[in-house]
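**Q** Generate coordinates for the sequence data below:
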Amino acid sequence: MHARWIGWMRWTAGAVLAAGATLAAWAQDKAPVPVNFDKAIQQEGSWYASWGYSRQQYAPSDIHVSQPDINSDFVVHKARASDFPSSPEDTVSSLFNLDLTNPQENIRIGKFLNLEKTFAVELSIDHSKYNVDKGQTARVTGTVEGVAYDQDVVLNAQNFDYTLHNGLNHIMVNAVWLRHLRGPENQPGDLQLISRVGAGILLPHADNTIFGNTNVVGPKNTNVCCFSSSDWWQLNGWTAGVEVGLRYRIYKTMYLELTAKGAYGVLRGVPVYKGTADQVIWMSEQILSTGFLF
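**A** This next block holds a predicted model:
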């Protein structure tokens, strides 16, 4: 698992560096072009939206748990975690039933700000999922119910079942650049390099059992969001990321997009039984989506 994650991260980092070098060279070669901003934002096809699915990989992470009511304060060191993708059958069923938070889906809504349609600002939502791997051995240090603790623990469903399963939601505002690579521009067959950089919030739903104590936040449709300890989704941190890939125009108003993303997230105050958890997350992600221009 660790070797696979390192491989994905190296591939993502390589793609980001290559894209950055290409964009820098392109910018040097291009002379400044006057742009009529009013025409750019009013022209046809200046908006786009996409829907896609993804896989994620996570770096091992230290998870700090603080439960002052029961005198516990400890760290689970270098906990490994995985995503939890739906099966193809489950994904199709979710789409037909409009249960859109079941798969690991990705949404992008953007607006071009120049006539050439090479720069845009967009809102992105990555509905990823995070699950600490059961059966792994991790070092736990600190205090557990008033007793000093420093030992290896096999993480299982009773002593440390920790998930952000509905999910670990990255909600970001991105700056987006596109560069034509080949084919007829803005027509079917147009292949573009796309890159994004952005930042935003983390809005996870926490589901966990720690040393036999389960955290309960109540029904999903009662307290939905975002600041109460009993809300289903809670604003628990911030995130920043870089994404690069290819966009291919299938029809004049429809495209396919394949990208790789690297994201850094800081989680604070994730609810657990009688307390909270903090951690830093490094995520590598691959996204395949379909989009429309309008």
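
**Q** distance between the lengthiest strand in the chain and the chain's centre?
**A** Longest strand in the chain by number of residues (criterion: DSSP state E): strand 160-182. Distance of strand 160-182 from its chain centroid, counting by C-alpha atoms, centre = their mean, to the nearest Å, is 3 Å.

**Q** Could you list every helix and strand that that strand packs against?
**A** helix 2-29, strand 72-79, strand 119-132, strand 191-202, strand 206-210, strand 237-251, strand 254-272, strand 275-293 (3 or more C-beta pairs under 8 Å, 6 or more residues apart in numbering; DSSP states H and E). Where you see a C-beta, it was placed from the backbone N, CA and C, and this is true even at glycine.

**Q** quick one, it and strand 72-79 angle?
**A** 40 degrees (axes from the mean of the first three to the mean of the last three C-alpha atoms, to 10 degrees).

**Q** Report the strands that pair with strand 160-182, each with its relative direction.
**A** strand 119-132 (antiparallel), strand 191-202 (antiparallel), strand 206-210 (antiparallel) (DSSP bridges).

**Q** Mind putting those into TSV with mean neighbour count, mean pLDDT and distance to N223?
**A** Converted to TSV, the strands paired with strand 160-182 look like this (neighbours: other C-beta atoms under 10 Å; pLDDT from 0 to 100; distance: least, C-beta to C-beta, whole Å):
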stretch	mean neighbour count	mean pLDDT	distance to N223
strand 119-132	20	96	19
strand 191-202	19	98	18
strand 206-210	21	94	13
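
**Q** between the ones you listed, which gets nearest to V144?
**A** strand 206-210 (9.5 Å; C-beta to C-beta).

**Q** And the pLDDT at S93?
**A** pLDDT for S93: 72.

**Q** how about it, secondary structure?
**A** On the three-state scheme (DSSP: H, G, I helix; E, B strand; the rest coil), S93 is labelled helix.

**Q** gap between it and R55?
**A** 19 Å (C-beta to C-beta, to the nearest Å).

**Q** S61 and G198: what is the separation?
**A** S61 sits 22 Å away from G198, going by C-beta to C-beta.

**Q** For this protein, give me the ranges with low pLDDT.
**A** Within the chain, the ranges that satisfy pLDDT under 70 run 1-45, 86-88, 91, 94-95, 98-102.
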